[in-house]
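Q: Quick one: sequence and predicted model below, then my questions.
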Amino acid sequence: MPHVTYAYFTSRKNPLIKNFFDSLHREIAEDYSNKRIVVVDFWAKEPGRAEFIRSQAPEAAREALIHVPPKPTVWQGEHKLTEVHWWAACNARNTALCLAPDGWLVFVDDLSVMLPGYGKQILRAMQREKTITCGAYRKVKNLVVENGNIVTFEDHPGGRDNRFNYGNDIDGFPCGGNWMYGCSIAAPVEAMLEIGGWPEALCDGLSFEDVIAGIMMEKKDYRFVYDRLMMTYESEEGHHDGLVMKRSDYGTSPNDKSHAVLKIAQTGNGFHPNYFDESGIRGLRQRVLAGDPFPIVQIPQHEWFTGTALSELK
């Protein structure tokens, strides 16, 4: 059985992570062999935080658990060059990528609980050759979860997955890379390495990274399917509680940063270098898996679309 890394990301003081841990515990039948759980947590270095996160996990899961802050970046955290914390989801996801053994990566957003059957769909995803599986999500209100099982919730029409009606429950729905949403993805580790990792150099400070990474992987001849049985529910109220990372799409549509990034992804060869050394993210990952710490980086110094110094971004 290939190794599977479940990567969970949060910048919230209360990420409702017990819901994730308990539902995962059920979905993998309490079997943590060949599995790793990587929690990339903006607050990981806060006093008592490690103990809190660990306490939320079933005892059987704790040996498989790695709890870390996002790797150093100029966009947020203690090594930021900007005045306030900016969006850096690519950096967080590349942190998990560097901590994942060969095999598969499953990306899960915070505030999420897996519905029954999620684990079965991950196994199905792993059987598809050179394919990325995009899971489904639903944001609901007043979500009550006990032992990983949803007890009650209230519908939130604005939180429905806009892809859901296109799916089917047989073997997923073939789709393009632009259907890849970061909240729920199952992908081979190699797929992410082939594109040079999540595109930090393009999308941190902006967002839009999931669609851009999907288009890049499609350029590397990966197929995509949307699987609505690979479903998570999220707490809508939780999205409004916590640190808000700033982001900006400079320019005026269609002459804005997001369209410029989209053009790079659509016209390129599926690979975009990030701000690593010449060994790229492959080399960084090899060193981290061997026990080296993540390096402290102080590049880029400027936002690439406007040329503004990051120190001037407020």
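A: Received, thanks.

Q: The nearest residue to Lys139 once chain neighbours are set aside: neighbour count?
A: Using C-beta to C-beta, 6 or more residues apart in numbering and skipping the chain neighbours, the partner closest in space to Lys139 is Gly159 (2.7 Å). Using the backbone N, CA and C atoms, a C-beta is placed for each residue, glycine as well. Neighbourhood size, Gly159 [other C-beta atoms under 10 Å]: 16.

Q: Next, work out how far apart Gly159 and Lys257 are.
A: As for Gly159, its distance to Lys257 is 27 Å (criterion: C-beta to C-beta, to the nearest Å).

Q: Repeat that for Leu111.
A: The value you get for Leu111 to Lys257, if C-beta to C-beta is used, is 28 Å.

Q: okay, the two: which has more neighbours?
A: Neighbour totals were compared for Leu111 and Lys257, and Leu111 leads with 26 against 21 (other C-beta under 10 Å).

Q: Next one: the more buried one from Lys18, what distance?
A: Applying C-beta to C-beta to Leu111 and Lys18 gives a distance of 11 Å.

Q: any common contacting residues for those two?
A: With contacts defined as C-beta atoms under 8 Å, 6 or more residues apart in numbering, no residue is shared by Leu111 and Lys18.

Q: Confirm Ile122 sits in a helix?
A: Yes - Ile122 forms part of a helix when assessed by DSSP: H, G, I helix; E, B strand; the rest coil.

Q: what number of residues lie near it?
A: Residues near Ile122, counting by other C-beta under 10 Å: 21.

Q: what sits against it?
A: Counting by C-beta under 8 Å, 6+ apart, Ile122 has contacts 4, 27, 104, 106, 133, 186, 230.

Q: Give me the average confidence score over the helix or strand hosting Val38.
A: Following DSSP states H and E, one finds Val38 within strand 35-41. Averaged over strand 35-41, pLDDT sits at 98.

Q: what helices or strands is it leaning on?
A: Packing partners of strand 35-41 (3 or more C-beta pairs under 8 Å, 6 or more residues apart in numbering; DSSP states H and E): strand 4-10, helix 17-27, helix 49-56, strand 65-68, helix 89-98.

Q: Give me the distance from the lengthiest strand in the chain to the chain's centre.
A: In the chain, taking DSSP state E as the definition, the longest strand is strand 131-146. How far strand 131-146 lies from its chain's middle: 14 Å, per C-alpha atoms, centre = their mean, to the nearest Å.

Q: how close does Ile185 sit to Asp155?
A: Ile185 is 25 Å from Asp155, by C-beta to C-beta.

Q: So for those two, which sits in the more crowded spot?
A: Taking other C-beta under 10 Å, Ile185 and Asp155 do not tie; Ile185 has more neighbours (25 against 11).

Q: so who does Leu289 touch?
A: Counting by C-beta under 8 Å, 6+ apart, Leu289 makes contact with 98-99, 101.

Q: Just put these in TSV and tack on neighbour count, distance to His272 and pLDDT.
A: Formatted as TSV, the contacts of Leu289 follow (neighbours: other C-beta atoms under 10 Å; distance: C-beta to C-beta, whole Å; pLDDT from 0 to 100):
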residue	neighbour count	distance to His272	pLDDT
Cys98	20	17	98
Leu99	20	22	98
Pro101	15	24	96
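
Q: which one of those residues is nearest Asp277?
A: Cys98 (13.4 Å; C-beta to C-beta).

Q: Go ahead and confirm that closest one touches Gly283.
A: No - counting by C-beta atoms under 8 Å, Cys98 does not reach Gly283; the two are 10.2 Å apart.

Q: hang on, the earlier thing: looking at the helices and strands packed on strand 35-41, which is nearest to Phe276?
A: helix 89-98 (9.0 Å).
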